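K.L.:
I'll drop the sequence and a predicted model, then ask my questions.
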Amino acid sequence: MYSVIIDLFSQKSTKLDRTYAYDKALNTVAANDEQENLAMTVNGNNQITDISNRNHTRERYHYDSCGYLSQRQVGTTDGITLDPFDRNYPEQQLIDHHDIYQPGHKLQRLHNDHYTYDAAGRLIRKTTEEDGYRTGESHYRWNGFNQLTVFTGKGKLGGRSYTWYYKY
């Protein structure tokens, strides 16, 4: 079911009956179903900073000065604990995302893909690393008009390389 402003208000299926709540700025602030009631806290940029259930913070998000996600902390259903002697402490996860973006707000890493740019900010290499496979690489060459002129790729299975040439 959707509200007048086309936001999802409730969701029903054979196994799920969930309702959502929004603040005045239309940010999702709660998601409730039979199994759990989640409350979300947002910052001034409307980014989720905390997700809680039953007064326990389950997830916490930190952002850099540009608004990019820099760290994600995931607790257990009992919440996040800072006490290293707590029985739930080893089950928590602290995930740093500082290396996702590089200066100039260029994507540096996404999952197993790593990106390299030239001084003009153009993508020149994409490297894909995956366990059990050879590293896959793609190279990009550009002309003075910022137009792609050559693309060279090599499959992650170590298969054949291929090159595409572009003329404008």
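P.N.:
The structure has been received and is ready for your questions. Numbering: from 1, shown residues only.
K.L.:
Where do the domain boundaries of this structure fall?
P.N.:
Using automatic domain parsing, the domain parsing of the chain gives 1-98, 100-168.
K.L.:
where among these is the average confidence lowest?
P.N.:
When the domains of the chain are ranked by mean pLDDT, domain 1-98 comes last with a mean of 72.
K.L.:
Need the domains of the chain in JSON lines (columns: mean neighbour count).
P.N.:
C-beta here means a position set from N, CA and C on the backbone, and glycine is covered the same way. Below are the domains of the chain laid out as JSON lines (neighbours: other CB atoms under 10 Å):
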{"stretch": "domain 1-98", "mean neighbour count": "13"}
{"stretch": "domain 100-168", "mean neighbour count": "13"}
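K.L.:
Now do the closest residue to Ser161 other than its chain neighbours against Asp113, distance only.
P.N.:
Counting by CB to CB, 6 or more residues apart in numbering, Ser161 lies nearest to Lys154, which is 4.5 Å off, once chain neighbours are set aside. The spacing between Lys154 and Asp113, counted by CB to CB, to the nearest Å, is 14 Å.
K.L.:
hang on, the residue nearest to Ser161 packs against Tyr133?
P.N.:
No - distance between Lys154 and Tyr133: 11.5 Å, which falls outside the contact criterion (CB atoms under 8 Å).
K.L.:
Chain neighbours aside, what residue packs nearest to Arg54?
P.N.:
Asn37 (7.1 Å).
K.L.:
Show me the helices in the chain, by range?
P.N.:
Read by DSSP state H, the chain holds no helices at all.
K.L.:
ok, what's across the strand from the residue nearest to Ser161?
P.N.:
Glu137, Ser161 (DSSP bridges).
K.L.:
Look up how far Ile124 lies from the closest residue to Gly121 other than its chain neighbours.
P.N.:
The spatial neighbour of Gly121 that comes closest, neighbours along the chain excluded (CB to CB, 6+ apart), is Gly104 at 5.9 Å. As for Gly104, its distance to Ile124 is 14 Å (criterion: CB to CB).
K.L.:
list residues touching both of those two?
P.N.:
Common neighbours of Gly104 and Ile124 are listed as Tyr117 (criterion: CB atoms under 8 Å, 6 or more residues apart in numbering).
K.L.:
I'd say Ser70 and Thr49 touch.
P.N.:
No - Ser70 lies out of contact with Thr49 (CB under 8 Å); the separation is 11.9 Å.
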